[in-house]
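Novice: need a structure here:
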Amino acid sequence: MHEHDTAELVRRSRAGDTRAFEVLFRRYQDTIYRLALYLLTDPSVAEDVTQEVFVRAWEHLERLRDDKAFGGWLRMIALNLCRDAQRRQPPLSQAEAVDPDFKPTDDRGVEDQATGNVIDAAVRRAVASLPAHQRLVVAMHHLEDMDVETIAQVLNLPRGTVLSRLARGRQMLRNKLAGSGLVP
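Specialist: Modelled structure (predicted):
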């Protein structure tokens, strides 16, 4: 994604161009959904949050100060809505946390896809079982490729707290995945 292109689409959207906003929606919807799914673990709640993120973005587009920062701004909206949803959502069992409709979209062979599905499901279960504060930091860092400084800023936490949660979350994931027999 080019920042200039995104900025232009944001400017056009702000002027009422719904087609430009549709392009932004298509460009960011998967990223926002994946973030919501990892944080909330329930596919239907993640879909609802994803839709609400874009509704709020459209309604409050004039609040965005830097058009190039649209992606980060969407993530901030998503994180806030995920926190709200987590307060209302009862915890899911590990089995419920796996999206049964998940299908890889690459060109791997059938055996590779089956193995990949098993591994993907194990990783999803392991991530879903993390405490919410660790799951959030792990998802932001590994799913969204956010650096520690950015996570600390977005969550309004000290850098050391982010590092600690990330380290503990990774260790818990290693332990859970090693116990599953899928990871040495």
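Novice: which residues touch the residue lying closest to Arg11 once chain neighbours are set aside?
Specialist: Of all residues not flanking Arg11 in the chain, Asp67 sits nearest, at 5.9 Å (C-beta to C-beta, 6 or more residues apart in numbering). Placement of C-beta: from N, CA and C, glycine included. Counting by C-beta atoms under 8 Å, 6 or more residues apart in numbering, Asp67 touches Thr6, Ala7, Glu8, Val10, Arg11.
Novice: mind listing what's buried in the helix or strand the second one falls within?
Specialist: Meaning Ala7. Assigned by DSSP states H and E, Ala7 belongs to helix 3-14. Residues Thr6, Leu9, Val10, Arg12, Ser13 are the ones in helix 3-14 that count as buried (16 or more other C-beta atoms under 10 Å).
Novice: and the gap between the closest residue in space to the third one that isn't next to it in sequence and His60?
Specialist: This means Val10. Excluding the flanking residues, the one nearest Val10 by C-beta to C-beta, 6+ apart is Asp67, at 4.1 Å. Per C-beta to C-beta, to the nearest Å, Asp67 is found 14 Å from His60.
Novice: Count the neighbours of Glu59 for me.
Specialist: 9 (other C-beta atoms under 10 Å).
Novice: Revised request: answer the last question for Ala152.
Specialist: 18.
Novice: now swap in Ala139 and tell me
Specialist: 23.
Novice: now Glu149
Specialist: Neighbour tally, Glu149, other C-beta under 10 Å: 10.
Novice: roughly how far apart are it and Gly160?
Specialist: Glu149 is 12 Å from Gly160, by C-beta to C-beta.
Novice: Repeat that for Val138.
Specialist: Here Val138 is placed at a distance of 16 Å from Gly160 (C-beta to C-beta).
Novice: what about the two, which has more around it?
Specialist: For the pair Val138 and Gly160, the greater number of neighbours falls to Val138 (22 against 10), based on other C-beta under 10 Å.
Novice: Return the residues in contact with that one.
Specialist: Tyr38, Val127, Leu130, Arg165, Leu166, Gly169, Arg170, Leu173 are the contacts of Val138 under C-beta under 8 Å, 6+ apart.
Novice: Is the third one in a helix, a strand, or coil?
Specialist: Same thing as Leu130. coil (DSSP: H, G, I helix; E, B strand; the rest coil).
Novice: Angles on the backbone of it, please.
Specialist: phi -70, psi 150 (degrees, to the nearest 10).
Novice: tell me the contacts of the residue lying closest to it once chain neighbours are set aside?
Specialist: Distances taken as C-beta to C-beta, 6+ apart place Gly169 nearest to Leu130, at 5.4 Å, with adjacent residues excluded. By C-beta under 8 Å, 6+ apart, Gly169 lies in contact with Leu130, Gln134, Arg135, Val137, Val138.
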